[in-house]
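Enquirer: Structure here, sequence nowhere to be found:
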């Protein structure tokens, strides 16, 4: 090891430096994980790739632009060995801003314990994309829309999200979720059961929710409310805000108005204290910021979801109204954010 190698007899004057007697084999004395010390002479990628492609019956070898100068060596090795030559197709690597696609970089993140594995939802691996809720049809459509090109491109990730949204939107049920919940009491609200549609336009069934005079709304909505303001609890009825107590119990009290649909009235989603469950949604952020690992790239949003969500199987797509599409996790009380 480090004393002898086998080179390809090329041309030391070649303008392409790759062809200046490149290394084909080198000695590695470290034991192989499967073969132990039985073999110590190992081929480089430059030799192994063309030989394996030819013997395995590969018809078209798809190689990224980084191998552009090495393709001549690929062909020359097969010529010298008198082996069948696959057609070499060059293309530029598909990349996104702040999202690594290099297996080497991803493996390093895994080894360092910075991400959980190849299916970490912050990654762009197929395992991760499936776990996060991206449909194979959307990924295929997105990739085909770009085509094979040598031009380096970094398409906006939003384009893939848009294609996925068009596929999942018509077949995904809607449920309520409120993050950082604040209690809202309707003084004259009554106990009852209401039936809500699972989708605004398509027939995806209905669900029954038990309600009382106590609800929870998102803090984001609560901080925008004012006393004497009239708002509508979505799919339920209109209320008038009477009092907002931030200092003590952080409770908002209100009174029932009517069920009339009023144009331009503010609408807020809610969960009933009779039909809710604690729920956590994992939201992904850019894995890299300024070419450095972002330690805050995974955020957990806690809140309450309507208890219907507990009936869903793992890896089921759901849209939490005014929050976004999510994929239910292995734990019934959690999900992974897909996109808005």
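Expert: Yep, that arrived. Note that the structure is predicted; figures quoted are calculated from it, not measured.
Enquirer: what helix or strand does residue 121 sit in?
Expert: For residue 121, there is no enclosing helix or strand under DSSP states H and E.
Enquirer: tell me the pLDDT at it?
Expert: Note for residue 121: predicted pLDDT of 97.
Enquirer: tell me the contacts of the residue lying closest to it once chain neighbours are set aside?
Expert: Leaving aside its chain neighbours, residue 121 sits nearest to residue 132 (4.5 Å; criterion: CB to CB, 6 or more residues apart in numbering). C-beta here means a position set from N, CA and C on the backbone, and glycine is covered the same way. Residue 132 makes contacts with 121, 284, 327, 336, 337, 338, as judged by CB atoms under 8 Å, 6 or more residues apart in numbering.
Enquirer: Which of these fall in strands?
Expert: Secondary structure from DSSP state E places 284, 327, 336, 337, 338 of these in strands.
Enquirer: what sits up against stretch 252-260?
Expert: Contacts for stretch 252-260 (CB under 8 Å, 6+ apart): 182-189, 217, 222, 225, 230, 236-245.
Enquirer: Then stretch 263-277?
Expert: 176-178, 181, 184, 191, 209-212, 214-218, 221, 224, 229-234, 236, 238, 304-310, 321-322, 333.
Enquirer: Emit the PyMOL select command for whichever of those residues are buried.
Expert: Remark: buried members of the contacts of stretch 263-277, expressed as a PyMOL selection using 16 or more other CB atoms under 10 Å:
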select buried, resi 176+177+178+181+184+209+211+215+216+217+218+221+231+232+233+236+238+304+305+306+307+308+309+322
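Enquirer: about what we covered before: how about the contacts of residue 132 in TSV, adding distance to residue 52 and neighbour count?
Expert: Shown next, in TSV, are these (distance: CB to CB, whole Å; neighbours: other CB atoms under 10 Å):
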residue	distance to residue 52	neighbour count
121	33	23
284	36	19
327	37	22
336	37	19
337	40	20
338	37	25
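Enquirer: Could you dump those into a markdown table with distance to residue 96 added?
Expert: Listed next are the contacts of residue 132 as a markdown table, based on distance: CB to CB, whole Å:
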| residue | distance to residue 96 |
| --- | --- |
| 121 | 15 |
| 284 | 13 |
| 327 | 20 |
| 336 | 18 |
| 337 | 17 |
| 338 | 16 |
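Enquirer: just so I have it, where are all the helices in this structure?
Expert: 45-55, 71-81, 103-111, 126-132, 136-146, 157-168, 219-222 (DSSP state H).
Enquirer: Now restrict the contacts of stretch 252-260 to buried residues only.
Expert: By 16+ other CB under 10 Å, these give 182-186, 189, 217, 222, 225, 236-239, 241, 244 as buried.
Enquirer: re the thing from before, can you list which of the contacts of stretch 252-260 are found in strands?
Expert: Short answer: those in strands (DSSP E) are 182-186, 217, 230, 237-245.
Enquirer: Let me know the closest of those residues to residue 61.
Expert: residue 217 (57.5 Å; CB to CB).
Enquirer: what sits against that closest one?
Expert: Applying CB under 8 Å, 6+ apart, the residues near residue 217 are 178, 181, 182, 184, 252, 268, 269, 270.
Enquirer: hmm, try it at 10 Å
Expert: 176, 178, 180-184, 225, 231, 233, 252, 268-271, 304 (CB atoms under 10 Å, 6 or more residues apart in numbering).
Enquirer: What pLDDT does the model give it?
Expert: Residue 217 is given a pLDDT of 97.
Enquirer: what's the spacing between it and residue 320?
Expert: The gap separating residue 217 from residue 320 is 14 Å, by CB to CB, to the nearest Å.
Enquirer: Need the overlap of contacts for those two.
Expert: In contact with both residue 217 and residue 320: 176, 178, 269, using CB under 10 Å, 6+ apart.
Enquirer: Which positions within stretch 127-138 qualify as buried?
Expert: Neighbour-count burial for stretch 127-138 [16+ other CB under 10 Å]: 128, 129, 130, 131, 132, 133, 134, 135, 138.
Enquirer: to the chain's geometric centre, what's the distance from stretch 328-340?
Expert: Stretch 328-340 has its C-alpha centroid displaced from the chain centroid by 11 Å (CA atoms, centre = their mean, to the nearest Å).
Enquirer: try stretch 166-186
Expert: Relative to its chain's centre, stretch 166-186 lies at 19 Å (CA atoms, centre = their mean).
Enquirer: That one spans what distance, first to last residue?
Expert: Distance across stretch 166-186, first residue to last, is 38 Å (CA to CA, to the nearest Å).
Enquirer: And stretch 321-331, by the same measure?
Expert: Terminal-residue distance, stretch 321-331 (CA to CA): 21 Å.
Enquirer: just stretch 89-105 next, same as before
Expert: End-to-end for stretch 89-105, by CA to CA: 25 Å.
Enquirer: do the same with stretch 145-158
Expert: Termini of stretch 145-158 sit 14 Å apart (CA to CA).
Enquirer: ditto for stretch 173-186
Expert: Using CA to CA, first and last residues of stretch 173-186 are 28 Å apart.
Enquirer: likewise stretch 262-271?
Expert: Stretch 262-271: ends 22 Å apart by CA to CA.
Enquirer: Would you indicate which residues of that stretch are buried?
Expert: Neighbour-count burial for stretch 262-271 [16+ other CB under 10 Å]: 267, 268, 269, 270, 271.
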